[in-house]
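> build me a model:
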Amino acid sequence: MTVEKSGKWDRRGAAFLARHGPIAVITLNRPEVRNVVNSDVSAAVGAAMETLAHSPDLRVGILTGAGDTFCEGADLAALTAGHSIDAPGHPEWGFGGFVRHDMGKPLIAAVNGSASGGGLDLILACDAAIVSSHASLGSRGMGRYADCDPDARALGGRLLARSVLLRDALEPETALRCGMIDRVVHPHEVLPEAMRLARALATTIPPLEGIGAAVMRRRAGRNTIGHCEREAPRHPYQNRHGAQHVLRTSTI
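Residues are numbered from 1 along each chain as shown. Predicted coordinates for the structure are as follows:
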C-alpha cells in the first residue's frame, strides 16, 4: 500500500490510501474478487489506519471499495487453503486490519456496493455509513445480526443488541429505518456524500477537543456478524451523538 501525497498513488496494492486535505480515503482494491479480505488486504488497510492515526493533518477516514462491491467478507479460498487472513504480526487489528484497530478519529463507511459477512463488520466498525441505493447488505443464511429498536435509536444507539438470523439480503432502505446506516444515496453519490460529511466533521470540531470525542463509538456489545466475533469497541465512548448531530444539522 502506498499513501498518496501529490495527486497520484499506486492502485496496484490490495488497498490504498488517498489524501484529500484532512480526509483519508482507504479503498479495498480487489474488485476482481469482490474485495474479499485476505492477509494482504488486512496488512494494507492496517497500515493505512496507522497512517491515519499518526498523521496530525489527517482528521477523518473514509473506507470504501473498488469497483461495484464494498466487501463480500473473508477470502474463503485463502481460509480453505489454511492461510490466515489477519494482518501479519497484527491479529489484534481484527478483521480486515480494521475492525478492532484502535482509532481516535471518526470513520465513515462509503458503501458503494454489496457487503456481507465480514463486510458488514467493516460497516458497523465505522461511526457513520453512507450506502448506495443499489447495495445489498448480507446474504441468505449469513451469520447473526441485531434487530432494530426505535427506543434504542432515540437513545443514540443503532440497534437493540438482540440477535436474529439474517436469512436474506437486507435492502438499504430497511437498514436505514433500523438505524443501521445513516443515508441512502444514488450510487454515483456515495463517495461525494461521504466526503461532504467528512469535511463537515473535519472543519466543525475544534481540534484541541479531539475529533474522536465528537464522533463516538456507535455501539456497545458487538454481536457475531459473519465469521468475526466483535468484542470491545475501539473507542471508549458507546454512542454516536456527534455524527448524528452533524448529519441532522448539516446541509450536505
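> which residue packs closest to V36, ignoring adjacent ones?
D75 (4.3 Å; C-beta to C-beta, 6 or more residues apart in numbering). Where you see a C-beta, it was placed from the backbone N, CA and C, and this is true even at glycine.
> what ranges do the helices span in the stretch 51-200 of the chain?
76-80, 118-124, 150-154, 172-178, 190-204 (DSSP state H, counting those that start in this stretch).
> buried ones in the last one?
To tie it back to what came earlier, the one meant is helix 190-204. The neighbour-count check on helix 190-204 (16 or more other C-beta atoms under 10 Å) flags V190, L191, E193, A194, M195, L197, A198, R199, A200, L201, A202 as buried.
> my read: the second one touches T64, true?
In other words, L191. Yes - contact criterion C-beta atoms under 8 Å: L191 and T64 qualify, at 6.1 Å.
> just the pLDDT for R167.
On pLDDT, R167 comes in at 50.
> can I get the buried residues of helix 190-204 in CSV with pLDDT?
Output for the buried residues of helix 190-204, formatted as CSV (pLDDT from 0 to 100):
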residue, pLDDT
V190, 98
L191, 97
E193, 95
A194, 96
M195, 97
L197, 93
A198, 95
R199, 93
A200, 91
L201, 90
A202, 90
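> how many other residues sit next to A15?
28 (other C-beta atoms under 10 Å).
> how about S55?
With other C-beta under 10 Å as criterion, S55 counts 15.
> mind listing what P91 touches?
The contact partners of P91, by C-beta atoms under 8 Å, 6 or more residues apart in numbering, come to S84.
> can you pull the contacts of the residue nearest to V36?
Taking C-beta under 8 Å, 6+ apart, one finds V33, V36, V37, N38, V41, I85 in contact with D75.
> so which of those wins on neighbours?
V37 leads the contacts of D75 on contacts (other C-beta under 10 Å) with 31 neighbours.
> ok, now how distant is the closest residue to that residue other than its chain neighbours from A77?
Closest residue to V37 apart from its sequence neighbours, by C-beta to C-beta, 6+ apart: G96 at 4.8 Å. As judged by C-beta to C-beta, to the nearest Å, G96 and A77 stand 16 Å apart.
> gap between the two ends of stretch 80-89?
21 Å (C-alpha to C-alpha, to the nearest Å).
> go on, stretch 107-116?
19 Å.
> what residues of stretch 112-129 count as buried?
112-129.
> remind me which residues of the stretch 51-200 of the chain are low pLDDT?
Low-confidence segments of the stretch 51-200 of the chain (pLDDT under 70): 139-168.
> quick one on the thing from earlier: take the contacts of D75 and keep only those in helices.
V41 (DSSP state H).
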